[in-house]
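>>> Have a look at this fold, sequence not included:
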């Protein structure tokens, strides 16, 4: 498995977030991004997870709720990548994929766009 410290991986996630166009980041609302080492044991290969209410599903009822949560998982990402460049690319794809869920884009459409 490729070696990378938690801090290095967190920096790659931050850099991927910085590459999201400002016109999109301005639209993101009530969402926090986290890095964890491993996903739940029932899905050990999961690279990222979006938990929350997509922007497209929010209505007048949406107030006073905890932030949506995007989690990027270090362990599975490092296990599928062979080089640091692979980690950079996979991390960016995963970050975009999870942010897309925040915007209400489903997995089928993401696969069509190449963010599977």
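Yes, it's here. Note that the structure is predicted; figures quoted are calculated from it, not measured.
>>> what does the helix or strand hosting residue 32 contact?
Element membership of residue 32 [criterion: DSSP states H and E] is strand 31-36. Residues from elsewhere that reach strand 31-36, judged by C-beta atoms under 8 Å, 6 or more residues apart in numbering: 6, 9-10, 13, 17, 52, 67-74, 95, 102. In short, each C-beta sits where N, CA and C put it, glycine included.
>>> For the residue nearest the centre of the chain, which non-adjacent residue is spatially closest?
Nearest to the geometric centre of the chain sits residue 95, at 3.4 Å (C-alpha atoms, centre = their mean). Spatial nearest neighbour of residue 95, chain neighbours left out: residue 16 (4.0 Å); criterion: C-beta to C-beta, 6 or more residues apart in numbering.
>>> again, but for residue 79
residue 1 (5.3 Å).
>>> measure that neighbour to residue 112 for me?
Distance from residue 1 to residue 112, counting by C-beta to C-beta, to the nearest Å: 31 Å.
>>> cool, and residue 24?
Separation of residue 24 from residue 112 (C-beta to C-beta): 19 Å.
>>> ok, now residue 79?
Counting by C-beta to C-beta - residue 79 and residue 112 are separated by 26 Å.
>>> tell me which element the nearest residue to residue 20 once chain neighbours are set aside is part of?
Of all residues not flanking residue 20 in the chain, residue 99 sits nearest, at 6.4 Å (C-beta to C-beta, 6+ apart). Per DSSP H and E: residue 99 is located in helix 84-102.
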